[in-house]
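In: quick one, fold the following:
(one chain, ligands or ions: 1)
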Amino acid sequence: MTNQLEGKIAIVTGGSQGIGRAIAECMVNSGAKVIVGDKKPIENSNLCWHLLDVTDETSVKDFINYTTNNHGSISILVNNAGIMTNSALIDQSVDEWDKVMAVNLRGPFLMAKHTVPLMDTFQSPVIINIGSIEGISGNPNHSAYMASKAGVHGLTASMAIDLGPKGIRVNAIAPGWIETDLNQGYLNDLPNQETAKKELVKLHPIGHIGKPSDIGNTAVWLASAQSRFVTGQVIRVEGGRMSQLSLPSIFNREH
Ligand SMILES: NC(=O)c1ccc[n+]([C@@H]2O[C@H](COP(=O)([O-])OP(=O)(O)OC[C@H]3O[C@@H](n4cnc5c(N)ncnc54)[C@H](O)[C@@H]3O)[C@@H](O)[C@H]2O)c1
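Out: From the prediction side, this is the model:
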């Protein structure tokens, strides 16, 4: 337990599970009071939870009013809620495209739009958007997801420009492969999950895939005074995966 975020009120969207939950737990362990906003309730946790659908402006306003009225002025906003879909471009339905954009991109916009006016500028407020390495380079059949995450990175730069003069720092974290339900869905569809996992690990110079707390700890740093000169950045937390060029499997790095 550290006290880097002592006295801060943080909201974490999509914090009922996975990366968002780890961010919330890491922030609590650093002294913040955290309110999780999610469509689904949080289970087996002492974290404070309130209903939130980030796609719906009324729900966003209700959540932010609830938080400020019951807990005080928000100084950390973490836009983490996100969904992923797989569709070949020509099979991608407009409804599914719009849904991905609504959660992944409209959500952070709405949350920032309604939180910023209530942020206490004396508290050195911060916004942290969870983007993705897929906002930089990606996988087949991910047009909506990749476009939405590239959008999150662009939104981060734009917010940093507009909100810097108000003393609000804005950064994005671009996670690589993190062990969560969202990614497990990929592995579940494969015939040989163990082989897939071994090959996956080989893509990472660091020698392992990530845990939700790897993102949580980065978020704590970005929310703390230790990163006071950092804004407008997309911080890749991906075990070096994008630093390494892929090679045909015939090339074995042991040789
Ligand atoms: N897991 C990874 O490897 C990985 C990699 C890169 C980026 N990300 C990003 O990290 C974030 C979290 O991913 P995760 O793996 O923890 O996902 P997850 O599916 O495990 O959790 C997502 C959470 O968001 C909530 N949510 C979904 N729609 C919502 C809405 N409209 N309003 C409020 N809450 C909503 C869900 O109920 C869930 O609790 C996402 O933005 C994702 O794109 C994840």
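In: hmm, who's touching the lowest-mean-pLDDT helix or strand in the chain?
Out: None of the helices or strands of the chain scores lower by mean pLDDT, DSSP states H and E than helix 181-188, at a mean of 84. With CB atoms under 8 Å, 6 or more residues apart in numbering as the contact definition, helix 181-188 has outside contacts at 17-18, 82, 84, 177, 193, 196-197. Using the backbone N, CA and C atoms, a C-beta is placed for each residue, glycine as well.
In: ok, now with 7 Å
Out: Outside of helix 181-188, the residues that reach it under the criterion CB atoms under 7 Å, 6 or more residues apart in numbering are 17-18, 84, 177, 193, 196-197.
In: and for stretch 106-121?
Out: 13, 54-55, 57, 60-61, 64, 68, 73-75, 77, 79, 81, 125, 127, 129, 152, 155, 159, 163, 166-168.
In: at 8 Å what do you get?
Out: Contacts with stretch 106-121, where a contact means CB under 8 Å, 6+ apart, come from 11, 13, 54-55, 57, 60-61, 64, 68, 73-75, 77, 79, 81-82, 125, 127, 129, 152, 155, 159, 163, 166-168.
In: could you pick out which of the contacts of helix 181-188 are near the ligand?
Out: With the criterion set as CB under 6 Å from any ligand atom, the members of the contacts of helix 181-188 near the ligand are 17-18, 84, 177.
In: picking that back up, just checking, what packs against the helix or strand following the least confident helix or strand of the chain?
Out: Next helix or strand after helix 181-188 toward the C-terminus (DSSP states H and E): helix 193-202. Contacts defined by 3 or more CB pairs under 8 Å, 6 or more residues apart in numbering; DSSP states H and E place helix 193-202 against helix 181-188.
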